[in-house]
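Student: coords please:
(chains A, B, C and D)
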Number of protein chains: 4
Amino acid sequence: MKKLLNTLCIPIRWVDMDAYAHVNNARFFDAMTEARADLLKTVIDAADICQFILVDTQCSFKKPYHYPGSMIIKQFIEKIGNSSFTLSYEFSDETEANYATGTATMICFDPLKKKPISVPEKIKSLVNGSIF
Amino acid sequence: MKKLLNTLCIPIRWVDMDAYAHVNNARFFDAMTEARADLLKTVIDAADICQFILVDTQCSFKKPYHYPGSMIIKQFIEKIGNSSFTLSYEFSDETEANYATGTATMICFDPLKKKPISVPEKIKSLVNGSIF
Amino acid sequence: MKKLLNTLCIPIRWVDMDAYAHVNNARFFDAMTEARADLLKTVIDAADICQFILVDTQCSFKKPYHYPGSMIIKQFIEKIGNSSFTLSYEFSDETEANYATGTATMICFDPLKKKPISVPEKIKSLVNGSIF
Amino acid sequence: MKKLLNTLCIPIRWVDMDAYAHVNNARFFDAMTEARADLLKTVIDAADICQFILVDTQCSFKKPYHYPGSMIIKQFIEKIGNSSFTLSYEFSDETEANYATGTATMICFDPLKKKPISVPEKIKSLVNGSIF
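Tutor: Numbers count the residues shown, from 1 in each chain, chains lettered A, B, ... in the order given. Take a look at the predicted model:
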């Protein structure tokens, strides 16, 4: 059920590079956060945004990015469970080279009742394609 | 002799915001660094890039930025001395609102002789408009 | 009326370095933010913390920091006005070498009435030494 | 063969928090990078430092960190292969609460020959305890 949700082009900033003069590993996690923020601002009302808690994230690195250039990141939905869902990521550049892959698992949480809740219909509908 | 050198549109990342949910003050200095990196990659050979040392930088804040949106930053040359030059910055958004202003003074340094050197012709010519 | 408020020892993280393999200029502004956060958590009630808005900050660089090591930063109060106050900073290491100096001006702001307010007594008393 | 290599206490900076007012997920990866930098500066000569390339890293989050406080991170060696080794991480605070766990796999790379090489004896000896 892997399905593309959104694609972002993130310009690499000079300060994204670390002392090895390539983009630091933590910036890949920033990029995945960015892809989620982009998704949630589209799908979710501002009032709901605190309901999604990152419980696990991972990245495998194939090739380093350098300034100047852009990180192109595709975000996919991989799996939807009762109260959690899993996203995956592919990093490339304009030539489609494979730089990295990643994943992130989010749980849906009721901040008032302080317990996990069912994945909202708005997220489920991402898979059925009724939004994008 | 204030002269516009370059204009950058820097997309605000969600992670640029701090716990006050606005873009953190240090990100304005990242943006000024970015404008200099953009300038130097155009004007200067890679071999020369270590010759420019930031000795002073400053920013005055008028209005906070928030995600989503873009920081538009204009970089000007203000003054060229014997071995130093001063840049200034104007921060806006697409509607041209004034978010902040800043400055940066760079000295030109010979990393082998370990002493300041004259401002290179390539920088001086920025003012005379022979490059841009 | 310059008076020392607090001194912080901030361990340099490897990721604080940029592609020039020295601590990036924006990290000095992070350190000044850190000194203010440390001050405000001592002096100010949590409920008041949004009243202080950074309107101007500046740093002059003398010497680069490298990993491993620590940034030692001293924060001074320089001036208290009607609705603003100015802080200054000295950066050193364990041997007291002078790495940088900086300043920051804050205004005191009423977030409900959305206008500047008088500097609170708790800040004024910093100068008279009744707190530290 | 899991074996504790080093323990770091990383003071949380105010700027480590994101717009949710808790420590951002990317800071956990910074902390793991920091634990590796601390290890490598002890075990490895400066000349060797480019031989270690991060190929995969992951973090599972149990509990959020907030400013002020410290991230205490323990780094373990989990597995040593022919040209790669795997580290694992446990995040806690002074009370030993479990905040997160993570992993990182590094490959050993010859930058001149541009190919993977055997794990150096200095790393292998970490397991046998001859260094720590």
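Student: The spatially most distant residue from the centre of chain A and chain B, how far apart?
Tutor: Distance from the centre of chain A peaks at A:K113, with 26.3 Å (CA atoms, centre = their mean). A:K113 is 24 Å from chain B, where distance means CB to the nearest CB, to the nearest Å. C-beta here means a position set from N, CA and C on the backbone, and glycine is covered the same way.
Student: Shouldn't that residue be within a helix?
Tutor: No. A:K113: not assigned to a helix; according to DSSP: H, G, I helix; E, B strand; the rest coil it is coil.
Student: Look up the pLDDT of it for me, please.
Tutor: For A:K113, the pLDDT comes out at 86.
Student: What is the neighbour count of the one residue in chain A that gets nearest to chain D?
Tutor: Nearest to chain D in chain A, going by CB to the nearest CB, is A:Q58, at a distance of 3.7 Å. As a burial measure, A:Q58 scores 20 neighbours (other CB atoms under 10 Å in any protein chain shown).
Student: Distance check, A:V55 against D:T33.
Tutor: Separation of A:V55 from D:T33 (CB to CB, to the nearest Å): 21 Å.
Student: ok, those two, which is more surrounded?
Tutor: Per other CB under 10 Å, whichever of A:V55 and D:T33 has more neighbours is D:T33, with 20 against 17.
Student: quick one, what contacts the residue of chain A closest to chain D?
Tutor: If you count contacts by CB atoms under 8 Å, 6 or more residues apart in numbering or on different chains, A:Q58 has them with A:G102, A:T103, A:A104, D:D56, D:T57, D:Q58, D:C59.
Student: In chain A, where is pLDDT below threshold?
Tutor: Applying pLDDT under 70 to chain A flags residues A:44-50, A:128-132.
Student: tell me which parts of chain A are close to chain B?
Tutor: Within chain A, the residues that sit near chain B (CB under 8 Å from any CB of the partner chain) are A:10-11, A:13-15, A:30, A:33-34, A:37-38, A:41, A:67-68.
Student: So which of the residues you listed sit within strands?
Tutor: Under the assignment DSSP state E, those contribute A:I10, A:P11 to strands.
Student: May I ask which of the residues of chain A next to chain B has the most neighbours?
Tutor: The most crowded member of those, judged by other CB under 10 Å, is A:E34 (24 neighbours).
Student: can you tell me how far that residue sits from C:K113?
Tutor: From A:E34 to C:K113 the distance is 36 Å (CB to CB).
Student: And for A:I53?
Tutor: From A:I53 to C:K113 the distance is 35 Å (CB to CB).
Student: about what we covered before: the residue of chain A closest to chain D sits in which helix or strand?
Tutor: Using DSSP states H and E, A:Q58 maps to strand A:52-61.
Student: Likewise for A:L126?
Tutor: For A:L126, the enclosing helix or strand under DSSP H and E is helix A:121-128.
Student: ok, now A:K63?
Tutor: For A:K63, there is no host helix or strand (DSSP H and E).
Student: sorry, back to before: got TSV for the residues of chain A next to chain B, with distance to B:Y20 too?
Tutor: Putting the residues of chain A next to chain B into TSV (distance: CB to CB, whole Å) gives the following:
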residue	distance to B:Y20
A:I10	23
A:P11	25
A:R13	21
A:W14	25
A:V15	21
A:D30	19
A:T33	18
A:E34	19
A:A37	17
A:D38	22
A:K41	19
A:Y67	28
A:P68	31
